[in-house]
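Student: A structural model of the following input is requested.
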Amino acid sequence: MTKIIALLMMASTVQAAELYDQQTGKYLGQLGGNPYAVDSTSNPFGRYGSTLSPDSINNPLGNYGSVNSQNSPNNPYATNPPVIRR
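Tutor: You can find the predicted model right below:
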């Protein structure tokens, strides 16, 4: 029983990794893989996961999702890709 309580306590303190613009500090979503979380980059209907949102790394035409953008993790030569913080 104490092992279960300890695991629950550890799970509640674990923070998901978050994406931020290096230069502006703009929040770009959570990298948790939860497609139901409101701010998840895996939520196809959310602000940070939609392929249509300007704030999404999944938008192929957006500032943070385009393979040509200097702010995109999808551009291997980007000068300002998002940083991951916990």
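Student: show me where the protein has helices.
Tutor: 2-13 (DSSP state H).
Student: mind listing the strands for it?
Tutor: Taking DSSP state E to define them, one finds strands in the chain at 18-20, 27-30, 83-85.
Student: with respect to burial, which of these scores highest?
Tutor: Burial of the strands of the chain is given as mean neighbour count (mean count of other CB atoms under 10 Å); strand 27-30 ranks first at a mean of 22. Backbone N, C-alpha and C define where each C-beta goes, glycine included.
Student: go through the strands of the chain and name the closest to G62.
Tutor: G62 lies closest, by CB to CB, to one member of those: strand 27-30, at 10.5 Å.
Student: which other helices and strands contact the closest one?
Tutor: On a contact count with 3 or more CB pairs under 8 Å, 6 or more residues apart in numbering; DSSP states H and E, strand 27-30 meets strand 18-20.
Student: list of residues touching the strand it packs on?
Tutor: For strand 18-20, the external contacting residues (CB atoms under 8 Å, 6 or more residues apart in numbering) are 26-31, 41, 48, 57, 73, 82-86.
Student: partners of that strand, with directions?
Tutor: Next to strand 18-20 in the sheet, as set by DSSP bridges, lie strand 27-30 (antiparallel), strand 83-85 (antiparallel).
Student: contacts for stretch 29-38, please.
Tutor: For stretch 29-38, using CB under 8 Å, 6+ apart, the contacting residues are 16-19, 39-44, 46-49, 55-57, 84.
Student: list the buried residues for that stretch?
Tutor: G29, Q30, L31, G32, A37 (16 or more other CB atoms under 10 Å).
Student: where in the protein is pLDDT low?
Tutor: 1-14 (pLDDT under 70).
Student: wait, which of the strands of the chain is closest to N63?
Tutor: strand 27-30 (10.0 Å).
Student: how far is the closest one from where the chain is centred?
Tutor: 4 Å (CA atoms, centre = their mean, to the nearest Å).
Student: near Y64, how many other residues are there?
Tutor: The tally of other residues near Y64 (other CB atoms under 10 Å) stands at 26.
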